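Undergrad: just coords:
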């Protein structure tokens, strides 16, 4: 019997908090995982887990053993992955997730380009606007937009993300333009997924709660309403930069534009950056940098702001 037997199952149960989720992550049956953990406890002559009908938690001995086992498994997996990467192209399954609109527009086409280079790789992409639990749901990589919440995930910046307050020329001709943040209350605001618009004033963050007669949880829909002259909107750069260059939209209150955030690729702390993940991150960074949506506005756009 290998001294490694049962360690992967035990660590997965401890991380996932249940036998069923651990089994799903390991692609094994729950009964097999349970037997392996029980056999491990028998070999150690120690109880590692408290089991109830609702949850599984670590005993004091289990916590000590888990900390050591987690490190051992990471180092073992990294050793095998490093040796494999020396001799072969990326293979196996890579599971990732991204927001729906951004994923469809940017991430999936770049992943498809990556797949064309490495046809032995399998990719499972879930597009959702929910923030998924990467550990419990077994994802290798997630693409997240804007500010990141505090977490144990490792984050790599793959693209900038700037917010622009915009309006169509037709709206401005009819209602005028705001020259200060206080004047925003006089305008119809088109509200998307956020109830708060962020700005900067006197080197401090300024939060504005927009109000208006239009709301939709789709950035593309907000953009369409803005182009139709329904009101003002605040949208990320990749929606509006090309339209700003062409004069179809006008940037407003540039002096109060909030600091740039970013588009992030994140992966679990306990996992090393797998070779396939590292290669995909490089491909996403270089691919996004070449997207026309990320080219900066021209000087003519900046002059429009001043008029």
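TA: On my side now, so go ahead. Only a predicted model underlies this, so the values are computations on that prediction, with no experimental measurement involved.

Undergrad: Tell me the buried residues in whichever helix or strand residue 77 is part of?
TA: When elements are assigned from DSSP states H and E, residue 77 belongs to helix 60-87. For helix 60-87, the neighbour count (16 or more other C-beta atoms under 10 Å) marks 62, 65-66, 69-70, 73, 81 as buried. For glycine as for every other residue, the C-beta is placed from the backbone atoms N, C-alpha and C.

Undergrad: Tell me the helices and strands packed up against the helix or strand that comes right after it.
TA: Per DSSP H and E, the first helix or strand lying C-terminal to helix 60-87 is strand 92-98. Applying 3 or more C-beta pairs under 8 Å, 6 or more residues apart in numbering; DSSP states H and E, we find strand 92-98 packed against strand 121-127, strand 141-145, helix 275-289.

Undergrad: Direction included, what does strand 92-98 pair up with?
TA: When sheet partners are counted by DSSP bridges, strand 92-98 sits next to strand 121-127 (parallel), strand 141-145 (parallel).

Undergrad: Single out the most deeply packed of those strands.
TA: For these, the largest average neighbour count (mean count of other C-beta atoms under 10 Å) is found in strand 141-145, namely a mean of 21.

Undergrad: Below-threshold pLDDT in this protein: ranges please.
TA: Scanning the chain for pLDDT under 70 picks out 1, 81-88, 150, 270-273, 296-307.

Undergrad: Which stretches in it count as helices?
TA: Using DSSP state H, the helices of the chain run over residues 7-16, 19-26, 30-44, 60-87, 100-102, 108-117, 134-137, 169-175, 219-227, 237-246, 275-289, 299-306.

Undergrad: so which of those helices gets nearest residue 161?
TA: Across those, residue 161 has its closest neighbour in helix 237-246 (6.6 Å, C-beta to C-beta).

Undergrad: now for the closest one, which elements pack on it?
TA: Judged by 3+ C-beta pairs under 8 Å, 6+ apart, the packing partners of helix 237-246 are strand 163-167, helix 219-227, strand 250-252, helix 299-306.

Undergrad: and the angle from that helix to strand 163-167?
TA: If you take axes from the mean of the first three to the mean of the last three C-alpha atoms, to 10 degrees, helix 237-246 sits at 50 degrees to strand 163-167.

Undergrad: Show me the domain layout of the protein.
TA: Here the domain parsing of the chain from automatic domain parsing is 7-86, 88-161+261-294, 163-259.

Undergrad: Same list (the strands paired with strand 92-98) but as TSV, adding distance to residue 47.
TA: Formatted as TSV, the strands paired with strand 92-98 follow (distance: least, C-beta to C-beta, whole Å):
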stretch	distance to residue 47
strand 121-127	36
strand 141-145	35
